[in-house]
Each structure stands twice: as structure tokens, then as C-alpha cells.
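Participant: attaching a predicted model along with its sequence, questions to come.
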Amino acid sequence: MSNPYKGTEIRKDLLNQVEQAVCVDRQVTHGRPENNFADIALMWQIYKGTIFTAQDVAAMMALVKIARVKWNPNHQDNWIDIAGYAICGGSLPAEKPVN
């Protein structure tokens, strides 16, 4: 008999991995998302001559991971990072574009 909660347990495990990535690992490695994404937005703005926000960075980085999922849907790190970018982007305060 198959376990009807197996999918739930997998989702719980993935959520725990997202929490670890967002709240500990990536923050230690890359700094606070609001600061890191603002820095990236400014660099993209300088490079492209177009205004970007930290929220744009979160959305576009999730798109990078979505493109990677197309080629390797079984690589769990991509799914974890997509969720992480969504959480970080959703936690950013509404802001004006970086100038």
C-alpha cells in the first residue's frame, strides 16, 4: 500500500530546505537579500540603462531557475531556489526603483 502522505513529507522537506537556504545559508554567503538585490538592481541599471528594483531582481532570478528547470526538472536545488527567490521578493518592502 502506498503512503498517501509521501508527497506531503516531500513538500515539508523541501520547505525546510527553502527555509535553511533563505534564512541561513544564502544570507551568510550573499548578505541580506534586500541589500544584495538592491546592489544587483543598481548594477543591472548601469549595464542596461534601464531602471530595475530589488523586486525585479528576485523575479528575474526566479526566471533563471525556471529556465534551468526546463533542462533538468529533477534537480531539486532549482526548485528550492525558485521558492527562495519568491519568498525573498515577497518579503521586500514596496519600493521605488533604485537610482
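Facilitator: Good, I have the coordinates.
Participant: show me where the protein has its strands.
Facilitator: Read by DSSP state E, the chain holds no strands at all.
Participant: give me the contacts around the worst-scoring helix or strand of it on mean pLDDT.
Facilitator: Using mean pLDDT, DSSP states H and E, the weakest-scoring helix or strand in the chain turns out to be helix 26-30, at a mean of 84. Residues from elsewhere that reach helix 26-30, judged by C-beta atoms under 8 Å, 6 or more residues apart in numbering: 33, 36, 84. The C-beta positions use only the backbone N, C-alpha and C, and glycine is treated the same way.
Participant: nearest residue to the last one in space, please, no chain neighbours.
Facilitator: So that's Gly84. Closest residue to Gly84 apart from its sequence neighbours, by C-beta to C-beta, 6 or more residues apart in numbering: Val22 at 4.6 Å.
Participant: what pLDDT does that neighbour get?
Facilitator: With respect to pLDDT, Val22 scores 87.
Participant: how much space is there between it and Gly49?
Facilitator: 31 Å (C-beta to C-beta, to the nearest Å).
Participant: neighbour count: those two, which is higher?
Facilitator: Val22 (20 against 7; other C-beta atoms under 10 Å).
Participant: thinking again about what came up before, which ones among the contacts of helix 26-30 are found in helices?
Facilitator: 33, 36, 84 (DSSP state H).
Participant: let me know the pLDDT of the last one.
Facilitator: The score at Gly84 is 93. That number is its pLDDT.
Participant: then the first one?
Facilitator: Looking at Pro33, its pLDDT stands at 88.
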